[in-house]
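In: sequence and computational prediction follow.
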Amino acid sequence: MSSPGDLRLDPDRLRHLFDIAGPVFASRGGSYDADPHPILHRLRAEGPVVEGVPGPLIGYHGEGVFVGLPFEDRRHFTVLDFETCDLVVRDTDRFTPQAEAHTASAELIERSMLAMEGEQHRTYRALVQPSFVPRRARWWIERWIEGTVDALVDDMASDGRAELSTQLCAPIPLLTICGSFGVGVEDALAIRASVTERVNDISVFAELVLPVIRQRRQEPGDDLLSILVTSSVTDADGVEHTLDDGEVLGFAFLLLAAGSGTTWKQMGITLYALLTHPTWIDVVRADPARLRDVIEEAVRWEPTDPVFARFARRDTELAGVEVPAGSVLHTHFGAANRDPARWDHPDRFDPDRPTRPHLGFGNGPHICLGMHVARAEMTTALAAVVARLPGLRLDPEAPPPRLVGVYERGPDALPVVWDT
């Protein structure tokens with residue numbers, strides 16, 4: 001693993017790329033700082049499916065570019081309860097994740113498994129699934145996660161204060177996924193920028209990743225790119241072929257975009273939950289095994305990607321609502337995870353509650369591929385900060401953190417202090 005000095009990232013660039021309330025996330029509703037859940041509860045009480053786009057329904061009328069958006073020529077419906085959201089993401093006969101590509105990055109994603117379905121999706125997902133199953137967690141932890149966490153905590157431990165969202169939460173998944181692709185630390189922020197700031201221009205991403213792909217074809221190693229470049233698939237005609245550079249690039253774009261983004265925000269949400277419910281810091285310090293309950297409850301309580309879209313294949317009926325073919329269905333996992341028909345006191349952060357499956361990582365064929373790696377990253381990082389930063393608490397001299405965002409959510413900052 002790299003030494004601590006090797007993990008230093010430009011702090012200003014890091015803050016810019018990982019500021020959920022800043023310009024990079026403006027199109028995902030990053031400026032929205034209200035609590036959406038009272039409105040979502042009222043809407044759900046009217047019926048599990050309502051016509052409209054999630055942002056405007058909760059009072060956000062700014063720019064919206066996300067999965068299923070903008071598609072201004074289509075009708076939009078938002079699904080708000082657990083049962084119906086779960087049905088939509090499982091029902092591949094009536095609902096599809098596919099839509100026309102409008103940007104170069106969207107075209108690249110359409111070559112990845114995010115937009116694949118049926119046998120093709122199962123075949124391609126099977127190529128990388130073995131690297132993301134729970135029993136492979138130690139592979140991730142020992143090669144990338146543990147050393148990254150230790151180096152970052154070492155770097156801040158004597159300071160007595162930090163902003164954990166950008167100093168801890170952001171670098172861990174970024175360096176983990178980049179490391180697993182053989183991308184050096186020096187290129188990590190450029191990779192992050194290429195999948196966030198410049199989503200309509202994939203040239204920078206391709207320029208950084210294609211040479212690594214080609215090098216792995218010559219010298220495969222023990223990393224994700226090596227797995228992809230040495231993999232083969234059999235098409236519908238029974239012809240076997242190895243993945244071409246475009247297919248590998250599509251996989252890489254999807255995994256690097258997701259792997260460097262979602263876990264950062266969810267780790268921040270979990271820290272926010274702990275810091276605003278500080279008795280749970282004491283519980284975890286006394287019994288680190290309770291982190292599993294804390295993380296699962298945080299993902300239920302406030303999933304970082306609360307909305308995903310499906311498109312109706314044909315005219316259909318859903319929960320008593322007529323949905324025309326081509327309509328966009330926004331499955332609101334954030335609302336579904338607080339469905340009072342499934343959870344008592346759903347707005348309460350309560351890791352003691354009985355565990356029930358939630359939609360924080362989605363469900364169905366496209367359930368989050370990296371959820372076990374995300375859990376490993378969060379568990380390793382949170383265990384380290386609780387154990388190594390005594391008296392960890394919110395900085396009383398800083399503005400209180402807020403959970404912000406519509407289509408992607410997370411804390412705007414996590415200013416903390418601890419005893420040194």
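Out: Looks like it arrived, so ask away. Numbering: from 1, shown residues only.
In: quick one: the strands in the chain?
Out: Secondary structure of the chain (DSSP state E): strands located at 49-51, 76-79, 95-96, 161-163, 232-234, 240-242, 307-312, 316-318, 321-323, 328-332, 393-394, 403-404, 410-411, 415-417.
In: now render these as TSV, adding mean pLDDT and mean neighbour count.
Out: Where you see a C-beta, it was placed from the backbone N, CA and C, and this is true even at glycine. Listed next are the strands of the chain as TSV, based on pLDDT from 0 to 100; neighbours: other CB atoms under 10 Å:
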stretch	mean pLDDT	mean neighbour count
strand 49-51	98	18
strand 76-79	98	26
strand 95-96	94	18
strand 161-163	97	19
strand 232-234	74	12
strand 240-242	78	10
strand 307-312	96	22
strand 316-318	98	16
strand 321-323	98	17
strand 328-332	98	27
strand 393-394	98	14
strand 403-404	98	21
strand 410-411	98	28
strand 415-417	98	21
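In: turn these into CSV, including distance to Leu359.
Out: Converted to CSV, the strands of the chain look like this (distance: least, CB to CB, whole Å):
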stretch, distance to Leu359
strand 49-51, 16
strand 76-79, 11
strand 95-96, 15
strand 161-163, 30
strand 232-234, 30
strand 240-242, 35
strand 307-312, 9
strand 316-318, 16
strand 321-323, 20
strand 328-332, 8
strand 393-394, 29
strand 403-404, 18
strand 410-411, 18
strand 415-417, 30
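In: closest to Ile177 out of those strands?
Out: Ile177 lies closest to strand 410-411 among those, at 17.4 Å (CB to CB).
In: which strands and helices lie in contact with the closest one?
Out: helix 262-276, strand 403-404 (3 or more CB pairs under 8 Å, 6 or more residues apart in numbering; DSSP states H and E).
In: packed most tightly, which of the ones you listed would that be?
Out: helix 262-276 (a mean of 24; mean count of other CB atoms under 10 Å).
In: let's see it as PDB, backbone CA atoms only.
Out: The C-alpha trace of helix 262-276 is given here as PDB (Å, rounded to 0.1, in the frame of the first residue of the first chain):
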ATOM      1  CA  THR A 262     -21.800   7.200  -3.900                       C
ATOM      2  CA  THR A 263     -19.900   5.700  -1.000                       C
ATOM      3  CA  TRP A 264     -18.400   9.200  -0.200                       C
ATOM      4  CA  LYS A 265     -21.900  10.600   0.300                       C
ATOM      5  CA  GLN A 266     -23.300   7.600   2.100                       C
ATOM      6  CA  MET A 267     -20.300   7.500   4.500                       C
ATOM      7  CA  GLY A 268     -20.900  11.200   5.100                       C
ATOM      8  CA  ILE A 269     -24.500  10.600   5.900                       C
ATOM      9  CA  THR A 270     -23.600   7.800   8.300                       C
ATOM     10  CA  LEU A 271     -21.100  10.100  10.100                       C
ATOM     11  CA  TYR A 272     -23.800  12.800  10.100                       C
ATOM     12  CA  ALA A 273     -26.200  10.400  11.800                       C
ATOM     13  CA  LEU A 274     -23.600   9.400  14.400                       C
ATOM     14  CA  LEU A 275     -22.500  13.000  15.100                       C
ATOM     15  CA  THR A 276     -26.100  14.200  15.500                       C
END
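In: now do it: which elements does it pack against?
Out: Counting by 3+ CB pairs under 8 Å, 6+ apart, the packing neighbours recorded for helix 262-276 are helix 171-180, helix 279-286, helix 291-301, helix 371-388, strand 393-394, strand 410-411.
In: go again with 6 Å.
Out: Judged by 3 or more CB pairs under 6 Å, 6 or more residues apart in numbering; DSSP states H and E, helix 262-276 is in contact with helix 291-301, helix 371-388, strand 410-411.
In: give me the contact list for stretch 42-52.
Out: Phe77, Thr78, Val79, Leu80, Asp81, Thr84, Leu318, Ala319, Val321 (CB atoms under 6 Å, 6 or more residues apart in numbering).
In: Leu168 versus the third one, what's the distance?
Out: It stands for Val79. Counting by CB to CB, to the nearest Å, the separation of Val79 from Leu168 is 34 Å.
In: need the contact list for Leu389.
Out: Counting by CB under 6 Å, 6+ apart, Leu389 makes contact with Trp418.
In: cutoff 10 Å now
Out: Listed by CB atoms under 10 Å, 6 or more residues apart in numbering, the contact set of Leu389 reads 153, 156-157, 159-162, 164, 168, 281, 416-420.
In: so which of the residues you listed is the closest to Asp12?
Out: Nearest to Asp12 among these: Ala162, at 15.7 Å, using CB to CB.
In: and the closest one, how far is that from Val299?
Out: Separation of Ala162 from Val299 (CB to CB): 24 Å.
In: equivalent analysis for Thr196, please.
Out: From Thr196 to Val299 the distance is 22 Å (CB to CB).
In: ditto for His76
Out: Distance from His76 to Val299, counting by CB to CB: 26 Å.
In: save the helices and strands packed on strand 410-411 as CSV, and put in distance to Arg135 too.
Out: Formatted as CSV, these follow (distance: least, CB to CB, whole Å):
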stretch, distance to Arg135
helix 262-276, 19
strand 403-404, 33
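In: how about these, which one is nearest Pro411?
Out: Closest to Pro411 of the helices and strands packed on strand 410-411 is helix 262-276 (CB to CB; 4.6 Å).
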